[in-house]
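In: Here you go, sequence then predicted model.
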Amino acid sequence: MAIREIRQNGDEILRKKSRVVEVVDDKIRELLEDMLETMHKYNGVGLAAPQVGILKRVVVIDLYDESEPLKLVNPVIIKEKGKQEVEEGCLSFPNQYAKMIRPEEIVVEALNENGEKIKIKAKGLLAQAICHEVDHLDGILFVDNMIPGTLEYVEPKED
């Protein structure tokens, strides 16, 4: 496993559409593990492959609760329900946050790390995180969907 460099706002790869993963093999599993390790290092709840410079439809999510981290390959949101106003940040936009409207509930289909089809019903923060990461796969950034005038920069805390 390895910590990968997170691409920052302004990097053109963040605006590109990711390619479908044809085969979930050891290389994809290694990418998933590296992404999880990288996300944990920077205390993120989600990370998409374009954020580490790879244009593949791969995301990881960890809400740091009792559930296992999610590793999703080729995720597709097939159903949305309700609306919630949320605050979001992004590892590619350090210390920046904005408000936006996201679905309250979603259903997503994907492959897991073994290449098996899975379907997940998600609510609240998990639904928000999945939507945010799937947007990354299509070159859409959270600042594209924010409620105008809500972007804030927060000074980082010194350790």
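Out: Great, that's in hand.

In: mind listing the strands for the chain?
Out: Taking DSSP state E, the strands of the chain run over residues 46-48, 58-61, 70-81, 84-90, 93-102, 105-111, 117-123, 152-153.

In: quick one: contacts for the most centrally placed residue in the chain?
Out: By Cα atoms, centre = their mean, the chain has its centre lying nearest to residue 133, at 2.6 Å. Each residue near residue 133 by Cβ atoms under 8 Å, 6 or more residues apart in numbering is listed here: 46, 47, 48, 59, 61, 72, 75. Using the backbone N, CA and C atoms, a C-beta is placed for each residue, glycine as well.

In: which one among the residues you listed gets closest to residue 122?
Out: Proximity of the contacts of residue 133 to residue 122 (Cβ to Cβ) peaks at residue 61, which lies at 9.2 Å.

In: Wait, the closest one touches residue 48, no?
Out: No - with contact defined as Cβ atoms under 8 Å, residue 61 does not count as touching residue 48 (9.6 Å).

In: Pick out whichever of the two has more residues nearby.
Out: residue 48 (29 against 25; other Cβ atoms under 10 Å).

In: Contact partners for that one?
Out: 18, 58, 59, 133, 134, 136, 137.

In: okay if I get those residues as CSV plus pLDDT and distance to residue 103?
Out: Shown next, in CSV, are the contacts of residue 48 (pLDDT from 0 to 100; distance: Cβ to Cβ, whole Å):
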residue, pLDDT, distance to residue 103
18, 98, 21
58, 98, 22
59, 98, 16
133, 98, 14
134, 98, 11
136, 98, 16
137, 98, 17
